[in-house]
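Trainee: Pasting the sequence and the predicted coordinates here, then a few questions.
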Amino acid sequence: MCSVPTWFLIFAFALAAEQAGADPAPETSPEVEPMEVSVVRRAVELLRPTAAHWDRAHVVEQLLTSLVNAADPGGAVVTDPDTFEHQRSGLQYGLGYTAVFSNRQTIIREIWPGGPADGRLQPGDMLDQIAGRFVTGFSPAQQAEWIAGIPGPVTVTVARAGERDIRLFVLRPAWARPPAVEQSVVLPGGIHWLRLRGVWTGAYEAVERCWTAPATGRMTGVVLDLRDAGGTDLDEVVRIGSIGQSESQELFELRPTAEGPPRRFMVQPSSLKPAVPMVVLVGAGTRGAAEVLVHVMRAGPYRVAVVGQPTRGDPMVRELVSVQPPWHVYVRRWSLVVQGLDSSGPVQPDLVVAEGPSRTNGSLAHKSDLPLNPKRRGSAEEQEDEALRRAVSDDAPLQTAVDLLIAIRALNLYRSR
């Protein structure tokens, strides 16, 4: 892979001039003009008689896409850079809440700090209408499509527990970022399952709280679920990656693929120590800052285990580069280096596990495929095993992570340093 090559920029400029009906940009000398530029320039000249029939925007986008795919298969052509960067950083456009869909009704589950609904709607509110349309039977995803198509403020009516009258609010859709934590629950057996939406404000506090808490009782370990996590906050990566490290040293580095100074990220010495082992879940949805975090944690002093599918392969090594409005290219500009090793590609899990229900019967969390005999009251340990079995039965990667933590506890393999 490489950053935007010289021939690419020369071609883009020449094609833009051709599109505008002007003469192509002055050619560089034949001795230095790359073959790719001369070939494409010649093709444009040969096809000039048919240019009147071209959908020029489509032609340009197709050519740019082909060039980007050749230079960086993980890159992309972008025509709406603001939306692209917002989404990359974890922002979402809407009214700023998360809802659950149950029995054809939509219930507000959480309010996003600083979003349009903050201070207006409340968790537990049942949505009645959005922009004059009843929401009963329509999923939150369908409702989001309605909202995206409304140019101005949106009227929202809700039923609130303990109140007889329907409440009406006028909210203006905007970009807002949901909380970093999507789910934080303690499974039977003392396994803390922490699922993050992304690595941004709030992620460090959640990881620190469940990973460094004193290991009391049957606290077994932490499953850090990053299977659909992104974000662009490298400062948050540094804070999490510094847990348990007391000396200032380089944590990771971004080196430019062209000339320029590197970006070095140093450990922020911390007196906090992990109290329990951790397994990290990853997948194709793991990207950006979350992907950097996995590389860093795997190389750290606690050597966390990684389970799931290979990650996306975009650990903050790409940037948007403007070619000519509205076209931008998202291409590799940096190399990620962790402990001297190039970590710019996907994270390869220690254990590759496909998504979906488990197909094996030998799991430690699945000691039996049969439920306990309802006529017999099992021991506390059996009941705990049964509850854990039910909790992870539909999620093979999570089940594998649980198995690892149970094995570590059973064999007494973990020692907090």
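Mentor: Received the coordinates, thanks.

Trainee: The stretch 101-250 of the chain: helices as residue ranges?
Mentor: Assigned by DSSP state H, counting those that start in this stretch, the helices in the stretch 101-250 of the chain fall at 140-148, 203-211, 234-241.

Trainee: now the ones you listed in CSV, with distance to Arg287 and mean pLDDT?
Mentor: Using the backbone N, CA and C atoms, a C-beta is placed for each residue, glycine as well. Converted to CSV, the helices of the stretch 101-250 of the chain look like this (distance: least, CB to CB, whole Å; pLDDT from 0 to 100):
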stretch, distance to Arg287, mean pLDDT
helix 140-148, 21, 93
helix 203-211, 14, 95
helix 234-241, 13, 97
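
Trainee: Minimum distance to Pro262: which of these has it?
Mentor: Each of the helices of the stretch 101-250 of the chain has some distance to Pro262 by CB to CB; the shortest is helix 234-241, at 13.2 Å.

Trainee: May I have the secondary structure class of the residue located most distally from the centre of the chain?
Mentor: Ranking residues of the chain by C-alpha distance from their mean position (CA atoms, centre = their mean) puts Pro49 at the top, at 46.6 Å. Following DSSP: H, G, I helix; E, B strand; the rest coil, the label given to Pro49 is helix.

Trainee: what about it, distance to Arg409?
Mentor: Between Pro49 and Arg409 the distance is 75 Å, computed by CB to CB, to the nearest Å.

Trainee: Can you tell me how far the residue most central in space within the chain is from Tyr93?
Mentor: Central residue of the chain (CA atoms, centre = their mean): Gly230, 2.3 Å from the mean position. Gly230 is 16 Å from Tyr93, where distance means CB to CB.

Trainee: likewise Leu171?
Mentor: Distance from Leu171 to Tyr93, by CB to CB: 13 Å.

Trainee: Looking at those two, which one has more neighbours?
Mentor: Leu171 (21 against 15; other CB atoms under 10 Å).

Trainee: Show me how this protein divides into domains.
Mentor: With domains defined by automatic domain parsing, the chain comprises 6-71, 92-176, 181-410.

Trainee: To Thr79, which of these lies closest?
Mentor: domain 181-410 (4.5 Å).

Trainee: Run the chain-centre distance for that closest one.
Mentor: Remark: domain 181-410 is offset 12 Å from the chain centroid, using CA atoms, centre = their mean, to the nearest Å.

Trainee: And for stretch 65-72?
Mentor: Centre to centre, stretch against its chain (CA atoms, centre = their mean), the figure for stretch 65-72 is 23 Å.

Trainee: Regarding Tyr330, which helix or strand does it belong to?
Mentor: Assigned by DSSP states H and E, Tyr330 falls within strand 327-332.

Trainee: Restrict that strand to CA atoms and write it as CSV.
Mentor: Output of strand 327-332 as CSV, limited to C-alpha atoms (Å, rounded to 0.1, in the frame of the first residue of the first chain):
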residue,chain,number,x,y,z
TRP,A,327,-14.1,14.2,-4.8
HIS,A,328,-11.9,13.1,-2.0
VAL,A,329,-9.9,9.9,-1.6
TYR,A,330,-9.6,8.0,1.7
VAL,A,331,-6.2,6.4,1.4
ARG,A,332,-3.3,5.1,3.5
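
Trainee: Parallel or antiparallel, list what pairs with it.
Mentor: Under the criterion DSSP bridges, strand 327-332 sits next to strand 76-78 (antiparallel), strand 318-324 (antiparallel) in its sheet.

Trainee: Excluding chain neighbours, give the residue nearest to Ala305 in space.
Mentor: Val279 (4.8 Å; CB to CB, 6 or more residues apart in numbering).

Trainee: The one you found against Leu405, yeah?
Mentor: Yes: between Val279 and Leu405 there is a contact at 6.1 Å, judged by CB atoms under 8 Å.

Trainee: what is in contact with the two at once?
Mentor: Here Val279 and Leu405 have 221, 223 as joint contacts, going by CB atoms under 8 Å, 6 or more residues apart in numbering.

Trainee: next SSE after the helix or strand hosting Val37?
Mentor: In the assignment (DSSP H and E), Val37 maps to helix 35-46. On the C-terminal side of helix 35-46, the nearest following helix or strand under DSSP H and E is helix 56-71.

Trainee: In that following helix, which residues are buried?
Mentor: 59-60, 63-64, 67-68, 71 (16 or more other CB atoms under 10 Å).

Trainee: need the helix or strand of this structure with the lowest average pLDDT.
Mentor: helix 6-19 (a mean of 48; mean pLDDT, DSSP states H and E).

Trainee: ok, back up a step: can you add mean pLDDT, distance to Val199 and mean neighbour count and give the strands paired with strand 327-332 back as JSON lines?
Mentor: Formatted as JSON lines, the strands paired with strand 327-332 follow (pLDDT from 0 to 100; distance: least, CB to CB, whole Å; neighbours: other CB atoms under 10 Å):
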{"stretch": "strand 76-78", "mean pLDDT": "96", "distance to Val199": "21", "mean neighbour count": "19"}
{"stretch": "strand 318-324", "mean pLDDT": "95", "distance to Val199": "16", "mean neighbour count": "17"}
